[in-house]
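In: What shape does this take:
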Amino acid sequence: MRKLLALSALGLGWLALGGLTGCSDPPVEVPEAPAVEVGTDHELAYLLDADAAAAAFANGTYAVVPARAFHAIDLRYVDPAGSALEYQLLLGEVWTDWAPVVPIDEEPVHRGAVIEAPSVAYALRLRGGNALEFARFEFIAERAPEGSPGFDDDPHGAESHEDDAVQLSAEVEEKVARQGRWALPPATRSAGEARAIPYTGAPSWSGGRNCSGGLTAGSRALGEYVVANFRGARSFEGYACRQIRGSSGMSVHGTGRALDIFVPLSGGQADNDLGDPIANWLVEHASEIGVQLIIWDRTIWSGSRSPRDRQYTGEHPHHDHLHVELTPAASRRETPFFTGGATPPPANGGGGGGAAQAGCDSATLGRQVPHGTCVQTSYERCGGTCQWSRCDDGGWTCAGDRGDCGEQVGHAACGAAPARRSCTSRSVGGEVPDGDCVQMDYDACGGTCQWARCDDGGWTCTPAGTCDGASHESPACAAAPAPAEPPPPAAGAACNSRTLGQSVPHGDRVQMAYDACGGTCRWAICDDGDWICRQETGDGQDHGHAQCQAAPAGDTCYSRTLGRSVPHGDRVQMAYAACQNNRRCNWAVCDDGEFRCSNEAGTGADHGHRDCR
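Out: Numbers count the residues shown, from 1 in each chain. Coordinates of the predicted model:
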């Protein structure tokens, strides 16, 4: 009996058993070394490059032994030579006869196969793999009843949002991000929010009759592009004719519009240094490419939801591959990423000979609508249900007050406009209707005896006399005129600050490095035990955050468009949607270490973008 060796570079208990042959081979012991698990009863191993494959098959065969017995293997491999791979399985104490590895589809280089064991197996042996450039072995211990043995990595119900994702509180999100979960940089998140991308799911399963038979042309082209341009992407696969486990629906993998882009684990965890740049690039170019959904390292990004990104808690953490879904147009290579040379829309809607602005595919209406059309959706997006989205040159944006809408198409399920929410007023001591104003006898909105208006469940500072509803004056403010030097407000309750890790007195302000109060590096003031968003200084001490300190006057700015820093006063033209009206080809000027939107010439040089000429 041979003892297994734990390969510390992989963190797994694997053993190359190239010298064992025939059905009389001795049994293989299951190692005691812990293996990397992918959810419940799943283990991973790799051949990371051509040199590793050549060494593994030096004796003609290569065997892999997981830490536990298994029922199936999900094999993904890069095989430019079109090798005739064969395999054996160790069942108990004997090896099966050699059998061919049958690829799932006819992809010429990036291939996948599922090997099912007739009974409990303990090891896999391959031959004919000398020319492989990469291989990923996923050993599956459980046997799924009446279903594919492969890993079910589909985001269940992504269009209806009844999926395995949850929105994190800021505190939990910050904690998880420090542990390595994919966290979008602010610029990436902003680019991904620029346009909504409707979600198109797969048709019904119907026994597999609706499967496409292989990857679509757009999926294949995007996979090849990512592998060629990102060193972390080792391989891609995507097509799998399968039913979503526990559902009557078909996996988007069955349509050929879903890709799995493989980024090997590092030390048993997701390699964020190599995988995050791929995911960020896909988000930043989602509208141009036609990416409707991404899952990577316990985070899901959806172009049809608001907020776009949140924690993913499905069975598979997606820490060694990115799950990427394309829109139907992208799968047909009809989006600007594939057609190339797309003309940017004229500024401010243009006119006078500019290129026609594209319509949008509406999943709600089941048809395409012209640019400028607003559609009401019955599901959760744009901050609630029954909200409005506007077709903006091929993409969807939240319409707000619908002032820029052309045709408006309401949803029958929404009926009349939803009632706006009332607000809880501690000054009044109860609820007040939307539109009512309340006068506050404490320090808020820039002073004492100021006014705030109930705005759909939240409070907005407003001048006196501008209310849509009733005005609730404070008796304390309606008394005798205030003295020339008003007494300081009574000390209120302190507030607990998770940023500082301690309580701060009433009136102190704290700057937050995470996204809150409408952005990052915003301020909140302690107001009698509660936090209120406020950018003006208070009566107490300010606690600035080290990550948010302003750059010194005249500092340079880093431009991701140019890939370098530019001096104070220089302007950069951006080919993506940003600044005025979220249009492409707008300008931003470097202003003391930060970019601000400005189409006026700065004091320095202009850096025009070649795609905007």
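
In: can you pull out the helices in this protein?
Out: In order along the chain, the chain carries the following helices (DSSP state H): 50-56, 170-178, 186-193, 217-229, 272-284, 286-289, 328-331, 336-339.

In: Ok, which of these comes nearest Ala202?
Out: Put simply, out of these the one that sits nearest Ala202 is helix 328-331, at 10.9 Å, with distance taken as CB to CB. All C-beta spots, glycine's among them, are computed from the backbone N, C-alpha and C.

In: and that closest one, what does it pack onto?
Out: In this structure, helix 328-331 makes packing contacts with helix 217-229, judged by 3 or more CB pairs under 8 Å, 6 or more residues apart in numbering; DSSP states H and E.

In: Would you mark the buried spots in stretch 435-450?
Out: 435-445, 448-450 (16 or more other CB atoms under 10 Å).

In: contacts for it?
Out: Contacting residues not belonging to stretch 435-450 are listed as 420, 423, 425, 427-428, 432, 451-454, 461-462, 464, 466-474, 476-477, 482, 486, 489, 492, 507, 527-528, 532, 536, 538-539 [CB atoms under 8 Å, 6 or more residues apart in numbering].

In: Pull the number of nearby residues for the residue lying closest to Pro186 once chain neighbours are set aside.
Out: On the basis of CB to CB, 6 or more residues apart in numbering, the spatially nearest residue to Pro186 that is not a chain neighbour turns out to be Thr520, at 5.7 Å. As a burial measure, the neighbour count of Thr520 was computed by other CB atoms under 10 Å and equals 16.

In: Then Pro203?
Out: Applying the criterion other CB under 10 Å, we find 12 residues in the vicinity of Pro203.

In: Tell me the confidence at the closest residue in space to it that isn't next to it in sequence?
Out: Among residues not flanking Pro203 along the chain, Asn210 sits closest, at 4.4 Å (CB to CB, 6+ apart). Looking at Asn210, its pLDDT is 88.

In: Endpoint to endpoint, stretch 393-413 covers what distance?
Out: Between the opening and closing residues of stretch 393-413 there is a gap of 27 Å (CA to CA, to the nearest Å).

In: Equivalent analysis for stretch 61-77, please.
Out: Using CA to CA, the end-to-end distance of stretch 61-77 comes out at 16 Å.

In: Please list all residues in contact with the nearest residue to Pro103 once chain neighbours are set aside.
Out: If the residues on either side of it in the chain are set aside, Pro103 comes closest to Arg111, at 4.7 Å by CB to CB, 6+ apart. Contacts of Arg111 were listed using CB under 8 Å, 6+ apart, and they are 76-79, 103-105, 237.

In: Could you identify the least confident member of these?
Out: Lowest-confidence member of the contacts of Arg111: Asp105, scoring 75 (pLDDT).

In: Is that one in contact with Cys211, as I believe?
Out: No. Taking contact to mean CB atoms under 8 Å, the distance of 10.3 Å between Asp105 and Cys211 leaves them out of contact.

In: Looking at those two, which is more packed in?
Out: Remark: of Asp105 and Cys211, Cys211 carries more neighbours, 21 against 18, as counted by other CB under 10 Å.

In: Quick check, pLDDT for the residue lying closest to that one once chain neighbours are set aside.
Out: Residue nearest to Cys211 in three dimensions, not counting chain neighbours: Cys241, with 3.7 Å by CB to CB, 6+ apart. At Cys241, the pLDDT value in this model is 87.

In: now Ala470
Out: 87.

In: The closest residue to Gly544 other than its chain neighbours: neighbouring residues, count only.
Out: Closest residue to Gly544 apart from its sequence neighbours, by CB to CB, 6+ apart: Gln511 at 4.8 Å. Applying other CB under 10 Å, we find 20 residues neighbouring Gln511.

In: Next one: Gln511, what pLDDT does it get?
Out: Per-residue confidence for Gln511 comes out at a pLDDT of 87.

In: returning to what we had before: any chance of the contacts of Arg111 in JSON lines with distance to Ala196 as columns?
Out: Supplementary listing: the contacts of Arg111 in JSON lines, determined by distance: CB to CB, whole Å:
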{"residue": "Arg76", "distance to Ala196": "32"}
{"residue": "Tyr77", "distance to Ala196": "37"}
{"residue": "Val78", "distance to Ala196": "35"}
{"residue": "Asp79", "distance to Ala196": "39"}
{"residue": "Pro103", "distance to Ala196": "37"}
{"residue": "Ile104", "distance to Ala196": "33"}
{"residue": "Asp105", "distance to Ala196": "32"}
{"residue": "Glu237", "distance to Ala196": "29"}
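
In: Narrow those residues to those that are buried.
Out: Restricting the contacts of Arg111 to buried positions leaves 76-79, 103-105, 237, with burial counted as 16+ other CB under 10 Å.

In: Which of those residues lies at the shortest distance from Val227?
Out: Taking CB to CB as the measure, Val78 is the one of the buried ones among the contacts of Arg111 closest to Val227, at 8.6 Å.

In: For Thr499, see how far away the closest residue in space to Val226 that isn't next to it in sequence is.
Out: Taking CB to CB, 6+ apart, and ignoring the residues beside it in sequence, Val226 has Ala233 as its nearest neighbour in space, at 4.8 Å. Noted for Ala233: a distance of 37 Å to Thr499, by CB to CB, to the nearest Å.

In: for Ser206, same thing?
Out: Distance of Ser206 to Thr499, given as CB to CB: 53 Å.

In: okay, these two: which has more neighbours?
Out: With other CB under 10 Å as the criterion, Ser206 and Thr499 differ in neighbour count, and Thr499 comes out ahead with 18 against 11.

In: quick one, domains of the chain?
Out: For the chain, the structural domains run 1-151, 165-337, 419-483, 495-548, 557-612, going by automatic domain parsing.

In: just these: most buried one?
Out: With neighbours taken as mean count of other CB atoms under 10 Å, the domains of the chain reach their highest mean count in domain 165-337, at a mean of 20.

In: for it, the distance to its chain's centre please.
Out: Remark: domain 165-337 is offset 8 Å from the chain centroid, using CA atoms, centre = their mean, to the nearest Å.

In: cool, stretch 559-572 as well?
Out: Its chain's average C-alpha position is 27 Å from that of stretch 559-572, according to CA atoms, centre = their mean.

In: circling back to that earlier point, what's the closest of the domains of the chain to Gly410?
Out: Between Gly410 and these, the shortest separation by CB to CB is 15.9 Å, and it involves domain 419-483.

In: Off-centre distance for the closest one?
Out: How far domain 419-483 lies from its chain's middle: 39 Å, per CA atoms, centre = their mean.

In: Same question for stretch 532-551.
Out: Its chain's average C-alpha position is 30 Å from that of stretch 532-551, according to CA atoms, centre = their mean.

In: what ranges do the strands span in the stretch 101-250 of the chain?
Out: Per DSSP state E, counting those that start in this stretch, the stretch 101-250 of the chain carries strands over the ranges 110-121, 123-127, 134-140, 165-166, 235-237.

In: Now do the same contact list for Ala50.
Out: With contacts defined as CB under 8 Å, 6+ apart, the neighbours of Ala50 are 131-133.

In: what sits against the spatially closest residue to Cys590 that is not a sequence neighbour?
Out: For Cys590, the nearest residue in space outside its immediate sequence neighbours is Cys557; the separation is 3.7 Å by CB to CB, 6+ apart. Cys557 makes contact with 565-566, 568, 570, 590-591, 593-595 under the criterion CB under 8 Å, 6+ apart.

In: any idea how far Cys557 is from Val252?
Out: Look at Cys557 and Val252: by CB to CB, they are 40 Å apart.

In: Equivalent analysis for Pro186, please.
Out: 29 Å.

In: Ala81 too?
Out: Relative to Val252, Ala81 is positioned 31 Å away (criterion: CB to CB).

In: Please verify my assumption that His42 contacts Ala141.
Out: Yes. Using CB under 8 Å, His42 makes contact with Ala141 at a distance of 7.1 Å.

In: quick one: terminal-to-terminal distance for stretch 595-608?
Out: 15 Å.

In: got a list of contacts for that stretch?
Out: The contact list for stretch 595-608, computed with CB under 8 Å, 6+ apart, reads 557, 559, 561-562, 566-573, 578-580, 586-590.
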